[in-house]
Structure formats: structure tokens, C-alpha cells
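Trainee: sequence unknown, structure follows:
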């Protein structure tokens, strides 16, 4: 009995030490129903508004759950239902020293809005098929149906690496997949992704005209190929933000713009 008591006390102290060592890196906010998080060596816990998010958390949402994570450097992640993410690395030095952000999106969708950390160094989002590097920017990212789709919203630039190839773009509305730069997002694609993440169609986008498919071709008719780098804002690249055109869609996207 004495040995059992010693073992129980030792186990309790080990668990307490693990909990103390868990580094708080942010908080949960705007939670719809709940999110669930599991830190290494700990049991699953329920995240509600104001709950701590810690380093190396694995976070899951159910089919009717969504929420936002706010990190110490003001990076925000809005996580869609039926998603799973892993917070691999978060280092924030307010004095401007070494900082970094890296995570995995193993399934589902999210909106990334970069904070102070991603202004100095690329934030990394890994999916099972690609690695995204996002610098000083905001983006929509999904991994659904075995394919990665990322839409660059605004900021510095976003890169995607897959199969040993890297493609970067700083175009507002650029769509990157495992195939690289595949074109510009239509209003329907962005509205569909935002509805999946936020749960309510953004009327200012959903009501606008545009291509019927989710992505406008990278090389539209009667136009030579264009560079995927630089801040070019030609007609082929701004449809997602309200300009109408009739360029053909990219094969592989549904009419809603989301791969199911």
C-alpha cells in the first residue's frame, strides 16, 4: 500500500510538472459551441471563449463547431468546422528578436491573418500535400478531398512548395495549389470558403458577379502568360474583389469553388 501511495504521488507530481511547463501562446475567442485541444501528454480539454491555447496543441472542431484563436503576436486563425490543426511552433519576442510560427492543417479550412511574427519571417502552414509560407499577409487555406487550396488575400506574399517545386505570388486573389499558381479566385470561391469558415455568407462578395467556376484561368484567352511574382494587379487578378469577367474555370473545382 505504501508503494502504491508513493507511485500515485510521483505520477501526480509528474503530471503537475507537465501542466506547469505547458507554454501559453494564445487564447480561444469567438467560439461557436466548442473546440477541443490536446497538448502532448495531456488529456483532451474543451476550449471555450478565453481558454488558453498552449504550445504543441492539437485542435479539433466538430461538424457544427468553429472558432478563432488569437496569439500573443496578434496572429489570428479562424478555424472551420470538421478541421484539425497542430500548433507546431510559436516563438514570439516582443523586443524584435527571433520569432517564428509553424502549424499543420491536416484536414478542413482556416483563415490566417498574420501578426508581428510573420512580418519578419514566413509563417509556415503544412498540409499533407504541400507547405505554405506566408509573410506579412492574410490568406484562406483548405485541405479538403486530398487537395490543398490557398487564396492570397492581401499583404506581402505567399509561397507554396510541393513535389520539390516552389511558387510564390503577391497578387491579391491568387490561388495556389499543389500545381503552383493556377489563377485568380472568383467572388464565388472566396464567398464559399468564407462561408465554410465563418458560417455566414458575406453578402458583399456573394452578391457580386464573376466567373461561374471557382478559379479564373492563370492565362486567360488573348493574353500571354503572366508572372506569378510581383504586385501586378491586372484585370485577370482582381475578379475576387469585384471586377466582372468571363474567363474559364480551372478543371477540378466545383461550381462553389471548393473541392469536395
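Mentor: Noted; the coordinates are in hand. Please read these numbers as outputs of a predicted model, since none were measured by experiment. Numbers count the residues shown, from 1 in each chain.
Trainee: in the stretch 1-150 of the chain, which ranges drop under the pLDDT threshold?
Mentor: Along the stretch 1-150 of the chain, the model assigns pLDDT under 70 to residues 1-22, 93, 95-97.
Trainee: Helices of this structure, start to end?
Mentor: Counting by DSSP state H, the chain forms helices over residues 2-21, 116-120, 187-198, 203-206, given from the N-terminal end onward.
Trainee: Can you name every helix or strand that the longest strand seen in the chain contacts?
Mentor: Once the chain is assigned using DSSP state E, the strand that runs over the most residues is strand 147-162. Packed against strand 147-162 by the contact rule (3 or more Cβ pairs under 8 Å, 6 or more residues apart in numbering; DSSP states H and E) you find strand 131-144, strand 165-169, strand 174-177, strand 180-185, helix 187-198. (C-beta placed from N, C-alpha, C; glycine too.)
Trainee: what's stretch 24-36 in contact with?
Mentor: The set of residues external to stretch 24-36 that reach it, using Cβ atoms under 8 Å, 6 or more residues apart in numbering, is 44-55, 59-62, 64-72, 75, 78-79, 87, 90, 92, 199.
Trainee: returning to that earlier point: could you list the buried residues of the longest strand of the chain?
Mentor: Applying a neighbour-count criterion of 16 or more other Cβ atoms under 10 Å, the buried positions in strand 147-162 are 147-153, 155, 157-162.
Trainee: cool, and stretch 80-99?
Mentor: Using 16+ other Cβ under 10 Å as the burial criterion, the residues of stretch 80-99 that qualify are 80-85, 87-88, 90-92, 99.
Trainee: which residues touch the nearest residue to residue 197 once chain neighbours are set aside?
Mentor: Here the nearest residue to residue 197 in space, its sequence neighbours aside, is residue 80; by Cβ to Cβ, 6 or more residues apart in numbering that works out to 4.4 Å. For residue 80, the residues meeting the contact criterion (Cβ under 8 Å, 6+ apart) are 61, 66, 108-110, 142, 196-197.
Trainee: Also residue 152?
Mentor: Residues touching residue 152, when contacts are defined by Cβ under 8 Å, 6+ apart, comprise 137, 139, 158, 169-176.
Trainee: from the residues you listed, which is closest to residue 190?
Mentor: The shortest approach to residue 190 among those belongs to residue 173, at 7.6 Å (Cβ to Cβ).
Trainee: Fine by me, thanks again.
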